[in-house]
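Novice: Sharing a sequence plus its predicted fold:
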Amino acid sequence: QVHLVESGGGLVQAGGSLRLSCAASGLTFSSYAMGWFRQAPGKEREFVAAISKSGVFTYYADSVKGRFTISRDNAKNTVYLQMNSLKPEDTAVHYCAAATSTTQAMGVRGQVDYWGQGTQVTVSS
């Protein structure tokens with residue numbers, strides 16, 4: 001059974017930073033592109049960032065480009081999202097995702113095979 005467990009969310013002031021982690025189990029981690037999505041209250045879930053199976057290629061939503069960095073450690077079966085210069089509009093539940101598709105397929109078509117349970121990120125103004 002596949003499990004994606006997020007951690008690292010919390011409350012931070014605008015301009016601050018947080019680092020999210022997602023530990024994966026029950027799957028061959030290096031065979032999956034990994035990504036992060038988020039859902040704010042009253043809004044649809046949206047793509048944030050994705051990273052290829054090898055970690056060479058990354059893909060970001062325009063809203064986070066230059067502020068967020070996605071990375072992965074295949075030896076630890078973990079993907080990270082470093083979030084800098086946080087804004088109140090970044091407030092959302094952030095979800096980890098795994099896909100056998102490409103980073104662009106995750107970002108453009110939302111192709112995801114597995115989801116985590118989510119971790120809350122709240123940015124105060």
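Specialist: Yep, that arrived. Residues are numbered from 1 along each chain as shown.
Novice: ok, now which ones touch the residue nearest the centre of the chain?
Specialist: In the chain, the C-alpha nearest the mean C-alpha coordinate belongs to Trp36, at 2.0 Å (Cα atoms, centre = their mean). By Cβ atoms under 8 Å, 6 or more residues apart in numbering, the contact list for Trp36 reads Leu20, Cys22, Val48, Ala49, Ala50, Ile70, Val79, Leu81, His94, Tyr95, Cys96, Ala97. Backbone N, C-alpha and C define where each C-beta goes, glycine included.
Novice: That one: which element?
Specialist: strand 33-39 (DSSP states H and E).
Novice: do His94 as well
Specialist: Under the assignment here (DSSP H and E), His94 is part of strand 92-99.
Novice: Could you name the helices and strands sitting against that strand?
Specialist: Secondary structure elements in contact with strand 92-99, counted by 3 or more Cβ pairs under 8 Å, 6 or more residues apart in numbering; DSSP states H and E, are strand 3-7, strand 18-25, strand 33-39, strand 46-51, helix 103-109, strand 114-115, strand 119-124.
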